[in-house]
Each structure stands twice: as structure tokens, then as C-alpha cells.
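A.B. asks: Sequence below, structure please.
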Amino acid sequence: MTYLALKQETLAGTHDIKAAATVGSVADLFMLCEEGHTYCLSMVGARPEDDPALYEARSATYWPEIINAPLLLQHGEADYSVSVEQSRKLTEALKEAEKTVELITYPGEDHGLSEHYGGFPEALAWFQQYLGKPGEDHLFETHRDAIWEMIMWFKTSYQSE
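C.D. replies: Predicted coordinates:
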């Protein structure tokens, strides 16, 4: 959704999104299907071989030149939901398009970066860098307890049994 929002903003001619961050995001639906995910058909409405344009339209690796906001990608190297190779591929495409991008990978980490506070420390530092104003403190250390409480609420409310 983040990549699609960045795409839509550019196509609309606006610059409302000043910075963005993702964790374990799908950057290439073709890759997702190749990884064996069975929900691609229901998610897109067609198989990749039947309508590749639908997959390209939803895959940021095919249009890095229209992503204009500074983008932080975080990905666990043990993510079995979405391959870390997706974030690596998008990072390379964005660099080739001379966009502002940073990729952080975490050895042994899962899809939600469970052992790394969901990626919040780096995301908050990223947003502080691009959105912060003098005197504001949006860094993780300042808000650790509130963030941890939110993570625990999310896990208990939405974790599959």
C-alpha cells in the first residue's frame, strides 16, 4: 500500500508524502507468485501470465522512477512471508533511478521484525530526519514504552491462533 500511495501521489502531481518506511513489503507481485503464494490470483484478479499488466501496475520494481519520497525499506532475512530479495530488488531499482532509499536487513529476523520492535526505532529515526522540526523528539528511545504497549496490543488483538 505504501508503494501504491507513493505512485498515486506522483501521478496526481502532488508531493504530500515527505518520507515513507516499510517493513517486509511486497515490491514485486511476480516474485511473490514465484515464491509459491496461492493468494496472488484472489488478490489481483488474474494470474500473472494472463494479465501481466495488472501485476506490473502493483509492483514498485517496475516503476521506481515515479517514487519521489525518501524511502526506508526494512526486511528480516528470515522472512518466510515475503522474500528479502524483493526489498533488495526494489532498492537497486531505486538507486539506479537516483532516488533516496535505504535498505536495512536483519539477519534471523521474521516478517514483522518481532525481535526488533517491528522496525520502529529505524523508522522513527528516518521520519525524524526528513520530517522533524527543531525541538521535536520523535525518536524511539523517548517513546519506547508507548511503542511497546502498541506492539503488544497489536499482537494480542490480531495474532493468529
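
A.B. asks: Determine the three-state secondary structure at the residue most central in space within the chain.
C.D. replies: Here the mean C-alpha position of the chain is nearest to the C-alpha of Thr22 (C-alpha atoms, centre = their mean), at a distance of 2.5 Å. Taking DSSP: H, G, I helix; E, B strand; the rest coil as the rule, one finds Thr22 in the strand state.

A.B. asks: Equivalent analysis for the one 4 residues further on, please.
C.D. replies: Classification of Val26 by three-state DSSP places it in coil.

A.B. asks: Kindly tell me how buried it is, as a neighbour count.
C.D. replies: 23 (other C-beta atoms under 10 Å). From N, CA and C alone the C-beta is placed, and that goes for glycine too.

A.B. asks: How about the contacts made by it?
C.D. replies: Contact analysis of Val26 by C-beta atoms under 8 Å, 6 or more residues apart in numbering lists 32, 82, 86.

A.B. asks: can you pull the pLDDT of it?
C.D. replies: According to the model's per-residue confidence, Val26 sits at a pLDDT of 95.

A.B. asks: one step back: isn't the residue nearest to the centre of the chain right next to Thr2, touching?
C.D. replies: Yes: under the contact definition of C-beta atoms under 8 Å, Thr22 touches Thr2, with a separation of 5.1 Å.
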